[in-house]
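Undergrad: Got a sequence here, can you build the structure:
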Amino acid sequence: MIKLVVFDMDGVLTDCKSSWYFVHRYFNTDNIENIRLFNEGKIDYPTFIYKDVMLWKNKDPFLSIEKLKEIYSKMPLMNGAEETVEMLKKNGKKIAIITGGLDILAEIVSKRLGIEIYYANGLEVDENGIITGRPKMVVNPYRKDIALLNLLENLKISKRETVAIGDGEVDVPMFRLVEKSIAFDPLDESVEKNAKIVIKKKDLREILPYVLSTDPESSSNL
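TA: Here you go, the predicted structure:
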């Protein structure tokens, strides 16, 4: 029986595929070059975060955590997210978020949905509360399985009692680790191929029959 439900954040709990893009849109900045450098292996993820945040700071040199909270407070939740989390909690499931995104948004989403556990990356601030751009790394986006293993150990829950839900390539390591995996509104076919269950309808309530099912082999493509 499933005891733990682990969600990716961007494009799963939120109706936005990239929380980075959400802030870039606010500041009218463009991180295409940063993405290219990262995808080509010319910069690592902490450097990617730093370069992205510095684009924002070029627009607002006194950018603070509070300002980012204000921006992220307007992030839309995925359709059905509130009802889904409520139903999972009613059925005794523990719920967690594992994201390569920022803890600022993860905290907002967690509070709005009533989720108690999240793993996400932070941003360093100076003595005046201004964001420096340097990240506080918690989750390597391409090794979310490491964060998940840590979570399982802390909760004393097994891989067989866990379901992972994500939409991108970065979620595949979690998919391979657990008993049940769900590709929700997946970004491409490679994500679909690595998940036991594929849901293409953008309504998070569609996961409930599979998460609450007692059959570990249940799978489908919707």
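
Undergrad: Which residue ranges of this structure form strands?
TA: For the chain, applying DSSP state E gives strands covering 4-7, 94-102, 117-125, 131-136, 162-166, 180-184, 197-199.

Undergrad: Send me the first one as PDB with only the CA atoms.
TA: Provided in PDB are the C-alpha atoms of strand 4-7 (Å, rounded to 0.1, in the frame of the first residue of the first chain):
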ATOM      1  CA  LEU A   4       4.100   8.400   0.700                       C
ATOM      2  CA  VAL A   5       3.300  10.600  -2.300                       C
ATOM      3  CA  VAL A   6       6.200  12.700  -3.700                       C
ATOM      4  CA  PHE A   7       5.400  15.500  -6.100                       C
END
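
Undergrad: who does it touch, helix- and strand-wise?
TA: strand 94-102, helix 144-155, strand 162-166 (3 or more CB pairs under 8 Å, 6 or more residues apart in numbering; DSSP states H and E). Heads up, the C-betas are built off the backbone N, CA and C, glycines and all.

Undergrad: Would you mind giving the strands of the chain as TSV with distance to residue 146 and mean pLDDT added?
TA: Supplementary listing: these in TSV, determined by distance: least, CB to CB, whole Å; pLDDT from 0 to 100:
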stretch	distance to residue 146	mean pLDDT
strand 4-7	13	98
strand 94-102	10	97
strand 117-125	10	97
strand 131-136	16	96
strand 162-166	13	98
strand 180-184	17	97
strand 197-199	23	97
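
Undergrad: can you map out the helices along this protein?
TA: 19-27, 32-39, 45-59, 65-72, 81-90, 103-113, 144-155, 172-177, 189-193, 208-212 (DSSP state H).
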